[in-house]
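Visitor: how does the following fold in three dimensions:
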Amino acid sequence: MVGETVITVVGNLTDDPELRLTPSGDTVAHFTVASTPRTFDRQSNEWRDAETLFLRCSIWRQEAEHAAESLTRGTRVIVQGRLRQRTYETREGERRTVIELEADEIGPSLRFTSVTIAKPPHTGVPAGSRGGPRPSAEDLFTRPDGERPVPAEGGGRASREEKDPF
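Guide: Numbers count the residues shown, from 1 in each chain. Next comes the predicted model:
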């Protein structure tokens, strides 16, 4: 999308992707990627791990189902998408803000392993289609603990159709 910064994160899944169905019927998978940068210390002549980044991610619809079927805890993955900031209110009334990665692509890293690709049967969705409009912000972040999102200041974001007609 125009004007959005796409980032790529390489790391390991901290748990199996959690597949859920939103109230509107869309499928979403949530997962966390742990990415630990390493640097070489010339004085000690050894590699050192920096602080680990734990990044919560979500992926939608058919990609969510494929991720849940294919990836497990500990799998080294490459995730590409856009950072999203959202604010929600806890049951105690506290406002919290989190940054998450809304993934467009996810796949296993082949750096330390090999995989076998199995193409699923054709579903009838046109090439390049994401399967319809994006779910509402309410559906986007429905949480199992019952916490609800708080609308962003100045209103919500535009729907996918308003931003990108394709």
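Visitor: where along the protein do the strands fall?
Guide: Assigned by DSSP state E, the strands in the chain fall at 6-13, 18-21, 27-35, 38-41, 46-49, 53-60, 76-89, 95-108, 148-150.
Visitor: tell me the most buried of these?
Guide: Among the strands of the chain, strand 27-35 has the highest mean neighbour count (mean count of other Cβ atoms under 10 Å), at a mean of 20. Any C-beta I mention is one placed from the backbone N, CA and C, and that applies to glycine too.
Visitor: quick one: work out the angle between that one and strand 53-60.
Guide: Taking axes from the mean of the first three to the mean of the last three Cα atoms, to 10 degrees, one finds strand 27-35 and strand 53-60 inclined to each other by 160 degrees.
Visitor: outside of strand 27-35 itself, list whatever touches it.
Guide: Contact with strand 27-35 is made by 9-22, 52-65, 67-68, 71, 77, 79, 101, 140, as judged by Cβ atoms under 8 Å, 6 or more residues apart in numbering.
Visitor: go again using 7 Å as the cut-off
Guide: With Cβ atoms under 7 Å, 6 or more residues apart in numbering as the test, strand 27-35 has contacts from 9-15, 17-22, 52-61, 64-65, 67-68, 77, 79.
Visitor: again, but for stretch 96-115
Guide: With contact meaning Cβ under 7 Å, 6+ apart, stretch 96-115 is reached by 9-10, 55-59, 67, 71, 75-88, 90.
Visitor: off-centre distance for it?
Guide: Chain-centre distance of stretch 96-115: 7 Å, with Cα atoms, centre = their mean, to the nearest Å.
Visitor: quick one: mean pLDDT over that stretch.
Guide: Here stretch 96-115 scores 89 as its mean pLDDT.
Visitor: CA atoms of that stretch as PDB?
Guide: The C-alpha trace of stretch 96-115 is given here as PDB (Å, rounded to 0.1, in the frame of the first residue of the first chain):
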ATOM      1  CA  ARG A  96      -2.900   0.200  27.000                       C
ATOM      2  CA  THR A  97      -1.200   0.600  23.700                       C
ATOM      3  CA  VAL A  98       0.600  -2.200  21.800                       C
ATOM      4  CA  ILE A  99       2.500  -2.400  18.500                       C
ATOM      5  CA  GLU A 100       1.900  -5.500  16.400                       C
ATOM      6  CA  LEU A 101       2.900  -6.700  13.000                       C
ATOM      7  CA  GLU A 102       0.000  -7.300  10.600                       C
ATOM      8  CA  ALA A 103       1.600  -9.900   8.400                       C
ATOM      9  CA  ASP A 104       1.100 -10.100   4.600                       C
ATOM     10  CA  GLU A 105       3.500 -13.000   4.100                       C
ATOM     11  CA  ILE A 106       5.000 -15.700   6.400                       C
ATOM     12  CA  GLY A 107       7.100 -18.700   5.600                       C
ATOM     13  CA  PRO A 108       9.800 -21.000   7.000                       C
ATOM     14  CA  SER A 109      13.400 -19.900   6.800                       C
ATOM     15  CA  LEU A 110      15.500 -22.400   4.900                       C
ATOM     16  CA  ARG A 111      18.800 -21.300   6.600                       C
ATOM     17  CA  PHE A 112      19.000 -24.300   8.900                       C
ATOM     18  CA  THR A 113      16.400 -26.700   7.500                       C
ATOM     19  CA  SER A 114      14.600 -27.800   4.400                       C
ATOM     20  CA  VAL A 115      10.900 -28.100   3.700                       C
END
